[in-house]
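Asker: Structure of the sequence below:
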Amino acid sequence: MEPEMIHVVCKADNRQHAVVNIPSSPDHNLPPSSLRARPILLGLTSNNLSYARGGDLLHWWKTYPVPPTAPAPYNDQASWGIVPAWGYATVTESNVPGIIPDSLIWGYWPTSTSPALLRLERSEPEGHWVEVSSHRQQLMPIYNRYECVHSDEENEADERAWGTVFRGVWVAGYLLSEYVFSPDPRAREPVHPLGDASGLPWSADDADLSSAVVVVLGASTKVARSFSWCLFDRPRESGPLGLVQVTSSPGALQEVVDGKGWAGWSKTLAYTEIDRATEWIEGLQPSKVVIVDCGARDNVLSRICQNVQESALRSCKPVILQVGSQQKVYTADEVQAARAAMQSLGKIQYNTSGIQDTVITREGAARYFGEVSCRWKEWLAHRASAIPDMGLVYGQGIAGENGIYGGWEKLSTGAVRPEEGLVYAL
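Answerer: Numbering: from 1, shown residues only. Got it, this is the predicted structure:
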């Protein structure tokens, strides 16, 4: 039998990584309510770097531990791990009632050609499942949700490929616009950026953007593009008064602004132009400035905060949300500095799973996923105008420059451009 391949990453230094072969062992009998599924299409984004960086703290390393059959030193699970990725897998065997072999499943998979073992329980709506293995119970719930995909629903290979790159992060922007900054916060109770489990208050006034200017840093990131698109579709009176997008590629984002009819209420700036933002924001006379940091370059956030404090905007209420990080491997010192900045700037951490869990509790899973699915498909159908500059960059397999190994190399050195979406057929 051909050996299987897995991509492993060093837990202490995420720039160190390798592809290792593991023997194809005859599959043991399936435990009850379990299946094996082989990943066939995976996407790599900056989020994968976050899964490695926070792998111990947030238990991502526990999702798919390195098999003990891997060669030394990679079989040392304390030192090496598998970084999961969003995408699709084909079921190779199953005793889960309702899931048959050759079914296609969307979810969170190992970067590996080896079939993954899942233990699933039925959820809502129909076709949704929850992974209940004991070693995964400390994972945030969003990473334990799987969905059977009917081929008539997503018959386009192109749509599935976009899903691997965007779907996992798109929902973060959607929840930010629709629930954290709810268009009608008095009708739909808003959700704190960490969710109800945080126990922290988040009032209708906190959520209200009708007299606010929103500044998005790292505006070319996938979460930022999703958030902006959802803002453009809100009723104008719900706000914001204006939107400032700060990015390394302003031209493409301005094209979207113009296409959505937001030219009068939006400013798109390069990082080198951020000093121009303050005067424009002043002209809108907001009572609140909301800064959404999706992974801005070094010192950009502190520069904007300083500009606001030294202008007529200093009387405005500042709200800073930490949503994403830069596309790079952070050193221990940089991680420490980022934590210090969270406190000194009064940043509020954003957590997609916490918000989704809260909405499911309040509205029910069937209603929530029904709405999300509808909006996602709508965005997917309009992707040519939503992300006109973006294209998929296809790779093949795990090993080599054109495989997941090469993709990790590009991600960890910050070499993936904002308009590139990395997709791998396994």
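Asker: At the geometric centre of the chain, which residue sits there?
Answerer: With distances taken as CA atoms, centre = their mean, Val169 lies nearest the centre of the chain, 2.8 Å away.
Asker: Can you get me a residue count around the closest residue to Arg186 other than its chain neighbours?
Answerer: Leaving out its chain neighbours, the residue that sits closest to Arg186 by CB to CB, 6 or more residues apart in numbering is Ala204, at 5.2 Å. The C-beta positions use only the backbone N, C-alpha and C, and glycine is treated the same way. Using other CB atoms under 10 Å, Ala204 is surrounded by 14 other residues.
Asker: can you pull the contacts of Ala204?
Answerer: Taking CB atoms under 8 Å, 6 or more residues apart in numbering as the contact definition, Ala204 lies against Pro185, Arg186, Glu189, Pro190.
Asker: and which of these is nearest to Arg234?
Answerer: Proximity of those to Arg234 (CB to CB) peaks at Pro185, which lies at 11.9 Å.
Asker: pretty sure that closest one is in contact with Ser210, am I right?
Answerer: No. Taking contacts as CB atoms under 8 Å, Pro185 lies outside contact range of Ser210: 9.3 Å.
Asker: Those two - which one has more neighbours?
Answerer: Pro185 (21 against 17).
Asker: And the pLDDT at Gly407?
Answerer: With respect to pLDDT, Gly407 scores 98.
Asker: Let me have the contacts of Ala204 in JSON lines, extended by secondary structure, pLDDT and distance to Ser133.
Answerer: Output for the contacts of Ala204, formatted as JSON lines (DSSP: H, G, I helix; E, B strand; the rest coil; pLDDT from 0 to 100; distance: CB to CB, whole Å):
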{"residue": "Pro185", "secondary structure": "coil", "pLDDT": "90", "distance to Ser133": "38"}
{"residue": "Arg186", "secondary structure": "coil", "pLDDT": "87", "distance to Ser133": "42"}
{"residue": "Glu189", "secondary structure": "coil", "pLDDT": "93", "distance to Ser133": "33"}
{"residue": "Pro190", "secondary structure": "coil", "pLDDT": "97", "distance to Ser133": "34"}
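Asker: And those, which is closest to Gly259?
Answerer: Set against Gly259, the nearest of the contacts of Ala204 by CB to CB is Pro185 (27.6 Å).
Asker: that older thread, show the buried residues in the contacts of Ala204.
Answerer: Neighbour-count burial (16 or more other CB atoms under 10 Å) applied to the contacts of Ala204 gives Pro185, Pro190.
Asker: so where do the helices sit in the stretch 251-400 of the chain?
Answerer: Along the stretch 251-400 of the chain, the segments classed as helices by DSSP state H, counting those that start in this stretch run 277-284, 300-309, 332-344, 352-363, 365-381, 383-386.
Asker: Just name the most buried of these.
Answerer: Among the helices of the stretch 251-400 of the chain, ranked by average contacts under mean count of other CB atoms under 10 Å, first place goes to helix 352-363 (a mean of 20).
Asker: okay, the contacts of Ala204 in JSON lines with distance to Val165 next?
Answerer: Conversion of the contacts of Ala204 to JSON lines gives the following (distance: CB to CB, whole Å):
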{"residue": "Pro185", "distance to Val165": "31"}
{"residue": "Arg186", "distance to Val165": "36"}
{"residue": "Glu189", "distance to Val165": "32"}
{"residue": "Pro190", "distance to Val165": "29"}
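Asker: Show me which of the contacts of Ala204 is closest to Val96.
Answerer: Relative to Val96, and with distances defined as CB to CB, the nearest of the contacts of Ala204 is Glu189, at 35.6 Å.
Asker: For the helix or strand of the chain with the lowest mean pLDDT, output the C-alpha coordinates as CSV.
Answerer: Every helix and strand of the chain was ranked by mean pLDDT, DSSP states H and E. The lowest is helix 332-344, at a mean of 85. Only the C-alpha atoms of helix 332-344 are listed here, as CSV (Å, rounded to 0.1, in the frame of the first residue of the first chain):
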residue,chain,number,x,y,z
ALA,A,332,7.5,35.0,21.7
ASP,A,333,8.4,38.7,22.2
GLU,A,334,5.9,39.8,19.5
VAL,A,335,3.2,37.7,21.1
GLN,A,336,3.9,39.4,24.4
ALA,A,337,3.9,42.9,22.8
ALA,A,338,0.6,42.1,21.2
ARG,A,339,-0.9,41.1,24.5
ALA,A,340,0.4,44.3,26.1
ALA,A,341,-1.1,46.4,23.3
MET,A,342,-4.5,44.7,23.9
GLN,A,343,-4.4,46.1,27.4
SER,A,344,-2.8,49.5,26.8
